[in-house]
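In: Okay, predicted coordinates and the sequence, questions at the end:
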Amino acid sequence: MLTLFAAPINKPATNILIGLSLLCSLAGTELLARWRAALREPVVIGFLVWFAVLLASALHAAIAAGASVFGEASLWGCLYPALMASLLRDSRWRWRALAAFALAAGLVVVISYLMQFGLVPQRAVAEIQPSMRNTVFKEYTQQGLASLILMAMLVATALSSPSRRWRNVALLAAAVVLCNVVLLIQSRTTYIVLLPLLGYWIYRLVAHRFNGWRTLLISGGLILVTISALWSTPSIRERMLSSITEEVDSYLIAQEPTSSGIRIWLWQQTLPIVADAPVFGHGLNQWEPLYLEQMRDIPGSAPFITGHPHQEALLILAEEGSAGLLVFIGLLLGFAVHTGKLRDPQKGIFASILIIYVAAGLANGLWSNFTHRHVFILLMACIPLGSFPWYGVGREREPTS
């Protein structure tokens, strides 16, 4: 639970708490029975499959390039769901872990508003980078995506609550979080994610009341209304139209390293890397050295140096190839199918997490980022045990309604 609380706040604390969780699991009773049961959970199996792909990719990098990347957190992080499953053996504890994450994200939103109103001082980095205004512990994209997850949790809980009072409170809180993301944080990645996320919830809300062609017609109309309302927001229109257009023009005309220009450059320069090893890629963590090698021959490329190509699929294609990307897409689809079988509010929560992760990966590198990667892994590991057709040796059978 503390690990989930720390994930959207502090990297060292997250690592320390993961280590303590491992010690607790190893020191607990029924060790073998708990881990055997954990290794049978679909989500754990999915992450173990990706661990095998990354391990093979690390071996490939060691053989082909002499690189030692076996200590990479992106590799061993795939084992965290098994660790969590060995400890959170009751869906009630998994709910509490989700609540711990929501509490941390909620505190961040509250402090962000206090910053906006001058009741809490801005961080020093905000003087250098205005985009960091009202960010508390993380940078604006990390805080924005965590806030969108919190918003989805609140909406899912509200729509499943039998109490009108709590439903209204949760929806009001979700609106407060949404305003924080749209008006205060103003991350373009969160704006990209916001459209499919709101589209999903509009469809779910309409499908609850109608069926067949009415669902598609009404939800489509409401989505268009929502897009128009969001587009009328000055912050979104400025960040998504004027700003991007100016940045792209500056890059194309003067090769200025704007945010959008850097992405275009990275995507263009990654394509030759992918073409050199299209099937199995170059190996784990090999995009960066290959990219740096390319940049040595290009004058004026220093401002375009980054640690990843800011696009999830391109990174996987470069390092694990098309074979790795097919496995990754298959795992995401498998997670989506499994999530679709959950009951509400869990169904809405975990479907939203998948939507946020996939949409954000279109213009950003999430797996290569500690916070994004750990938030996704740790939250997906909290899928309730009631969604599995078994409970495992030594597990307490949960009550059924």
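Out: Perfect, I can see it now.
In: OK, contacts around Trp95?
Out: 382, 384 (CB atoms under 8 Å, 6 or more residues apart in numbering). (Glycine included, C-beta is placed from N, CA and C.)
In: secondary structure element for it?
Out: helix 91-116 (DSSP states H and E).
In: following that helix, which helix or strand comes up?
Out: helix 125-128.
In: Mind listing residues that contact that next one?
Out: Contacts of helix 125-128 (CB under 8 Å, 6+ apart): 132-135.
In: and stretch 175-190, how far from the chain's centre?
Out: Remark: stretch 175-190 is offset 16 Å from the chain centroid, using CA atoms, centre = their mean, to the nearest Å.
In: Then stretch 68-85?
Out: The answer for stretch 68-85 is 16 Å, by CA atoms, centre = their mean.
In: CA atoms only for that stretch - export them in CSV, please.
Out: C-alpha atoms of stretch 68-85 as CSV (Å, rounded to 0.1, in the frame of the first residue of the first chain):
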residue,chain,number,x,y,z
SER,A,68,25.5,-5.3,-20.0
VAL,A,69,21.9,-4.2,-19.4
PHE,A,70,20.7,-7.0,-17.1
GLY,A,71,20.4,-4.5,-14.2
GLU,A,72,17.9,-2.3,-15.9
ALA,A,73,14.8,-1.4,-13.8
SER,A,74,12.6,-1.7,-16.9
LEU,A,75,13.5,-5.4,-17.0
TRP,A,76,13.1,-6.3,-13.4
GLY,A,77,10.0,-4.1,-12.9
CYS,A,78,8.0,-6.8,-14.8
LEU,A,79,8.4,-9.0,-11.7
TYR,A,80,6.7,-6.5,-9.4
PRO,A,81,3.1,-7.8,-10.1
ALA,A,82,4.2,-11.3,-8.9
LEU,A,83,5.6,-9.7,-5.7
MET,A,84,2.4,-7.8,-5.1
ALA,A,85,0.3,-10.8,-5.8
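In: For it, the averaged confidence score.
Out: For stretch 68-85, mean pLDDT is 93.
In: on that earlier part again, mean confidence score for the helix holding Trp95?
Out: Mean predicted confidence for helix 91-116 is 96.
In: Low-confidence bits of this structure, can you list those?
Out: Counting by pLDDT under 70, the low-confidence segments of the chain come to 208-210, 212-216, 219, 230-231, 235, 237-242, 386-401.
In: Quick check: the two most widely separated of the contacts of helix 125-128?
Out: Farthest pair in the contacts of helix 125-128 (CB to CB) is Met132 and Asn134. Separation: 8.1 Å.
In: Run through the strands of the stretch 301-401 of the chain in chain order.
Out: Shown for the stretch 301-401 of the chain, no strands are assigned by DSSP state E, counting those that start in this stretch.
In: if I pick the nearest residue to Gln294 once chain neighbours are set aside, what's in contact with it?
Out: Distances taken as CB to CB, 6 or more residues apart in numbering put Gln269 closest to Gln294, at 5.9 Å, once the chain neighbours are dropped. Counting by CB under 8 Å, 6+ apart, Gln269 makes contact with 291, 294-295, 304, 309.
In: now those: which count as buried?
Out: With burial judged by 16 or more other CB atoms under 10 Å, the buried subset of those is 291, 295, 304, 309.
In: Out of those residues, which is nearest to Leu198?
Out: Of these, the one sitting nearest to Leu198 (CB to CB) turns out to be Pro309, at 27.6 Å.
In: Quickly note the distance from His60 to Trp265.
Out: Here the distance between His60 and Trp265 works out to 27 Å (CB to CB, to the nearest Å).
In: thinking again about what came up before, and of the contacts of Gln269, the nearest to Gly77?
Out: Using CB to CB, the contacts of Gln269 come closest to Gly77 at Pro309, 19.8 Å.
In: any idea how far Asn168 is from the closest one?
Out: Counting by CB to CB, the gap from Pro309 to Asn168 is 44 Å.
In: And Pro162, by the same measure?
Out: 13 Å.
In: Which one of these two is surrounded by more residues?
Out: Comparing Pro162 with Asn168 by other CB atoms under 10 Å, the one with more neighbours is Asn168, at 12 against 6.
In: For that one, which non-adjacent residue is spatially closest?
Out: Counting by CB to CB, 6+ apart, the residue nearest Asn168 is Ala158, at 7.8 Å.
In: what about that neighbour, neighbour count?
Out: 20.
In: follow-up on the earlier one: so which bits of the helix holding Trp95 are buried?
Out: 91, 93-94, 97-102, 104-106, 108-109, 111-112, 115.
In: so how far is that helix from its chain's centroid?
Out: For helix 91-116 - counting by CA atoms, centre = their mean - the centre lies 16 Å from the chain centre.
In: Now the helix or strand harbouring Leu55: buried residues?
Out: Counting by DSSP H and E, the element that carries Leu55 is helix 42-65. Neighbour counts over helix 42-65 (16+ other CB under 10 Å) mark 42-44, 46-51, 53-54, 56-58, 60-61 as buried.
In: In the chain, which helix is the longest?
Out: helix 312-340 (DSSP state H).
In: any idea of the angle that helix forms with helix 42-65?
Out: 160 degrees (axes from the mean of the first three to the mean of the last three CA atoms, to 10 degrees).
In: Going by neighbour count, which residues in helix 312-340 are buried?
Out: 312, 314-321, 323-325, 327-328, 331, 335, 338-339.
In: Tell me how far it lies from the chain's centre.
Out: 14 Å.
In: Show me what that helix is packed up against.
Out: helix 42-65, helix 259-276, helix 287-295, helix 346-360 (3 or more CB pairs under 8 Å, 6 or more residues apart in numbering; DSSP states H and E).
In: And for the spatially most central residue of the chain, nearest residue in space, chain neighbours not counted?
Out: The chain has Tyr357 as the residue nearest its centroid, 3.9 Å off, counting by CA atoms, centre = their mean. With CB to CB, 6+ apart as the criterion, Tyr357 has its nearest non-adjacent residue at 5.2 Å, and that residue is Phe376.
In: Would you mind measuring from the one you found to Pro234?
Out: Taken as CB to CB, the span from Phe376 to Pro234 is 31 Å.
In: Have a look at these two and say which one is more surrounded.
Out: Phe376 (23 against 9).
In: and that one, what does it touch?
Out: Contacts of Phe376 (CB under 8 Å, 6+ apart): 353, 357, 366.
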